[in-house]
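S.K.: Starting from these lines, generate the structure:
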Amino acid sequence: MRSAARIEAFLEMMSAERGAAENTLSSYRRDLEDAAEQLGGRLAEADAGAIRAYLGDIASRGFAPTSQARKLSALRQFYKFLYAEGLRADDPTGTLDSPRKDRPLPKTMSVAETSRLLDRAALEAADDSPGHGSLLAARRMHALVEVLYATGLRVSELVGLPVNVALRDERYFIVRGKGNKERMVPLSAKARAAMRAWMEVRNATPALAESPYLFPASSESGHLPRQVFARELKALAARAGIAAAKISPHVIRHAFASHLLQNGADLRAVQQLLGHSDISTTQIYTHVLEERLVRLVNDHHPLADRSG
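M.R.: A predicted model of the protein is given here:
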C-alpha cells in the first residue's frame, strides 16, 4: 500500500503544481501501477536492479521501444518526486538508459528536384499571357515555395504569415512558432522577389488587399488553409515532373534542413532556424552529417582510397 500512497501523492503534485492534463495523469497512473504490480507492490523502495529487470520484462512482453521509453519516463518523474520530497535518498533511474527508438529518416528532396520545383513555380508565375490561367494563383504558389525553401518554416507558420513580412522587404523576419516562441528567419533574395511579385497582384485584388495576412483566403482562419496549399503543391510537383507522392510542405522543410547540413551548416544553427526547442529533435538529420564527414575524409585524408 505504501507504493499506492506514493503514486497518489505524485499524481496530486503533477496535477496541482504542473497542471498536468487528465490524459497525462491517466497515462502516468497506468504505467506506475503496472510497474508496482510487477515489482510486488514495492515500487517506492525498488532499486536500480529491480527497475532494470522490470524494463527487461516489458521488452520481452513485446512493448514497442516508444512504450518502454514512456514507462521509463513515468518512473523517472516518480522517483525524482520522491527524492525531492525526501521520501528517498536516491534516484534509482539515474543510471538507466532509455530504450533505443528507431526513428524513420525524414522524407526529403534532392537539390536537383527542389530546383525543378522552384523553376516550374517561377516559370508559371512569370507567364501572364491571356490563356495561361490564374496569375494570382501562380504567383501565390511561387511565393509560398520560395519562402518555404528559404526559411524551413512549419506549414502552419508559413500560411499564417502577417503581410508586414513582405512590406518591409528585409533580409530576415521574426516568426512566432510553437509555444509562442519567437525566432529570427532569413529570407533569400529570390524569396523576397517572389513575395514582391505576389504582393503586386494581391494588392490589386480588392478582396485580398486589406487582409492582415500575406496569403489571405476566404476561410475560417482568414488565411490560406494548409490543406489547400498541400494539394496545390502536389499539383505543381506533378507539372514539374516530380512524383506528387514524394512532395508535401513538410518534405520541403526537411529539404531546407538537409541541404543546409550537406553544405556545411552547424546542427545547432539548423535547430534554431527550424524552431526546435530540443536538439534531439534536430538529430534526425545526423545521417546527413555522417555522410558529409565520410565525404570529407574520403576527399581530404592523405591515405584515403580515391581510386573509385
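S.K.: Can you show me the helices along the stretch 101-250 of the chain?
M.R.: 111-126, 135-151, 155-159, 164-168, 189-203, 206-209, 226-239, 249-262 (DSSP state H, counting those that start in this stretch).
S.K.: any idea which of the ones you listed is most buried?
M.R.: Neighbour counts (mean count of other CB atoms under 10 Å) averaged over each of the helices of the stretch 101-250 of the chain peak at helix 135-151, with a mean of 23. Glycine gets a C-beta too; all of them are placed from N, C-alpha and C.
S.K.: tilt between it and helix 249-262?
M.R.: 40 degrees (axes from the mean of the first three to the mean of the last three CA atoms, to 10 degrees).
S.K.: If you count contacts, what does helix 135-151 end up packed against?
M.R.: Applying 3 or more CB pairs under 8 Å, 6 or more residues apart in numbering; DSSP states H and E, one finds that helix 135-151 contacts helix 111-126, helix 155-159, strand 182-186, helix 189-203, helix 226-239, helix 249-262.
S.K.: What's the mean pLDDT across stretch 201-213?
M.R.: With pLDDT averaged residue by residue, stretch 201-213 scores 94.
S.K.: right, so of the helices of the stretch 101-250 of the chain, which gets closest to Phe63?
M.R.: Ranking the helices of the stretch 101-250 of the chain by their distance to Phe63 (criterion: CB to CB) puts helix 249-262 first, at 28.4 Å.
S.K.: Residues contacting that closest one, please?
M.R.: Contacts to helix 249-262, defined as CB atoms under 8 Å, 6 or more residues apart in numbering, come from residues 106-109, 111, 114, 117, 145, 148-155, 158, 226, 229-230, 233, 267, 269-270, 273-274, 282, 285, 288-289, 291-292.
S.K.: For it, output the C-alpha coordinates as PDB.
M.R.: Output of helix 249-262 as PDB, limited to C-alpha atoms (Å, rounded to 0.1, in the frame of the first residue of the first chain):
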ATOM      1  CA  PRO A 249       5.200  21.200 -47.300                       C
ATOM      2  CA  HIS A 250       6.900  19.100 -44.600                       C
ATOM      3  CA  VAL A 251       9.200  17.500 -47.100                       C
ATOM      4  CA  ILE A 252      10.400  20.900 -48.300                       C
ATOM      5  CA  ARG A 253      11.100  21.900 -44.700                       C
ATOM      6  CA  HIS A 254      13.200  18.700 -44.400                       C
ATOM      7  CA  ALA A 255      14.900  19.600 -47.700                       C
ATOM      8  CA  PHE A 256      15.800  23.000 -46.300                       C
ATOM      9  CA  ALA A 257      17.500  21.400 -43.300                       C
ATOM     10  CA  SER A 258      19.200  18.600 -45.100                       C
ATOM     11  CA  HIS A 259      20.600  20.900 -47.900                       C
ATOM     12  CA  LEU A 260      22.000  23.300 -45.300                       C
ATOM     13  CA  LEU A 261      23.700  20.500 -43.400                       C
ATOM     14  CA  GLN A 262      25.100  19.000 -46.600                       C
END
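S.K.: Enumerate every residue touching the closest residue to Glu33 other than its chain neighbours.
M.R.: In space, and not counting its chain neighbours, Glu33 is closest to Ile7: 6.8 Å by CB to CB, 6 or more residues apart in numbering. Contacts for Ile7 were tallied using CB under 8 Å, 6+ apart; they are 29, 32-33, 36, 43, 78.
S.K.: Ok, Ser277 next?
M.R.: Counting by CB under 8 Å, 6+ apart, Ser277 has contacts 178-179, 181.
S.K.: Retrieve the pLDDT associated with it.
M.R.: Per-residue pLDDT puts Ser277 at 74.
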